[in-house]
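Q: Let's see this in three dimensions:
(2 chains)
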Amino acid sequence: GENVEQHPSTLSVQEGDSAVIKCTYSDSASNYFPWYKQELGKGPQLIIDIRSNVGEKKDQRIAVTLNKTAKHFSLHITETQPEDSAVYFCAASFHSGGYQKVTFGTGTKLQVIP
Amino acid sequence: DAMVIQNPRYQVTQFGKPVTLSCSQTLNHNVMYWYQQKSSQAPKLLFHYYDKDFNNEADTPDNFQSRRPNTSFCFLDIRSPGLGDAAMYLCATSSQGPEQYFGPGTRLTVT
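A: As a prediction, this is how the structure comes out:
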């Protein structure tokens, strides 16, 4: 089955600096890579995603990159703000039998220091 | 404009006492998922419904059951909760696309 590794497990940055979270996956069948932000006591919120036919995607301060050959994908947050503090999960998924089979990474706790 | 709603948000049950968690959605999505998330861990899929077709993950304990009476509602039944079942339970939905939308979760405490 799919295996997703995520690094680092914790990340502290000063407000205004950039944050980068990296993930690797193992199953070449995976073709959709979402990133979720989870605040304390809340459910995961989809913040950005990328499909396997795209190498990079940007949405304001957030960008994702995908290297299909190396099976690497990364989340980049620029100009970090205290409200970016949360746990971030990467995931790799593919469509199987009518549903989306999702494998999550182990999460990165991001702390933005004011 | 809540899309995936979970009730209750916090549930306390006694060891061995059956408990039911509920999820409803206003998105009219045909797939609904139940995940278990323990502290500081990633969500773990328990099962999903594709319309009325139920699909169990291979390692989901028999203690966990689910019902989906209609498109909008899905229930998670824990027949005999143990201390190890204390966790956040997340409901999610998806439709034709790959995006999954999560509810706020129900935090289950077992005493």
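Q: Check which helices and strands the worst-scoring helix or strand of chain A on mean pLDDT sits against.
A: Here the helix or strand of chain A ranked lowest by mean pLDDT, DSSP states H and E is strand A:99-104, holding a mean of 88. When contacts are defined as 3 or more C-beta pairs under 8 Å, 6 or more residues apart in numbering or on different chains; DSSP states H and E, strand A:99-104 sits against strand A:32-38, strand A:86-96, strand B:31-37, strand B:44-50. Quick note: C-beta positions are derived from backbone N, CA and C, even for glycine.
Q: give me phi/psi at the residue of chain A most remote from its centre?
A: Distance from the C-alpha centroid of chain A peaks at residue A:97, with 24.7 Å (C-alpha atoms, centre = their mean). Phi and psi for residue A:97, reported as degrees, to the nearest 10, are phi 60, psi 30.
Q: Pull the least confident helix or strand of chain A out as CSV, backbone CA atoms only.
A: Provided in CSV are the C-alpha atoms of strand A:99-104 (Å, rounded to 0.1, in the frame of the first residue of the first chain):
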residue,chain,number,x,y,z
TYR,A,99,-14.0,6.5,-3.7
GLN,A,100,-10.8,8.4,-3.0
LYS,A,101,-8.2,6.3,-1.2
VAL,A,102,-6.2,8.8,0.9
THR,A,103,-3.0,8.1,2.8
PHE,A,104,-2.0,10.9,5.2
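Q: which residues are contacting the very next helix or strand once past that strand?
A: Next helix or strand after strand A:99-104 toward the C-terminus (DSSP states H and E): strand A:108-113. With contact meaning C-beta atoms under 8 Å, 6 or more residues apart in numbering or on different chains, strand A:108-113 is reached by A:6-15, A:19, A:21, A:77, A:80-89.
Q: C-terminal to the helix or strand of chain B with the lowest mean pLDDT, what's the next element?
A: Here the helix or strand of chain B ranked lowest by mean pLDDT, DSSP H and E is strand B:53-56, holding a mean of 91. Proceeding N to C from strand B:53-56, the next assigned helix or strand is strand B:64-67, under DSSP H and E.
Q: Distance of the closest residue to residue A:93 other than its chain neighbours relative to residue B:39?
A: Nearest residue to residue A:93, sequence neighbours excluded (C-beta to C-beta, 6 or more residues apart in numbering or on different chains): residue A:102, at 4.2 Å. Distance of residue A:102 to residue B:39, computed by C-beta to C-beta, to the nearest Å: 20 Å.
Q: low-scoring pLDDT stretches of chain B, where are they?
A: Applying pLDDT under 70 to chain B flags the ranges B:1-2.
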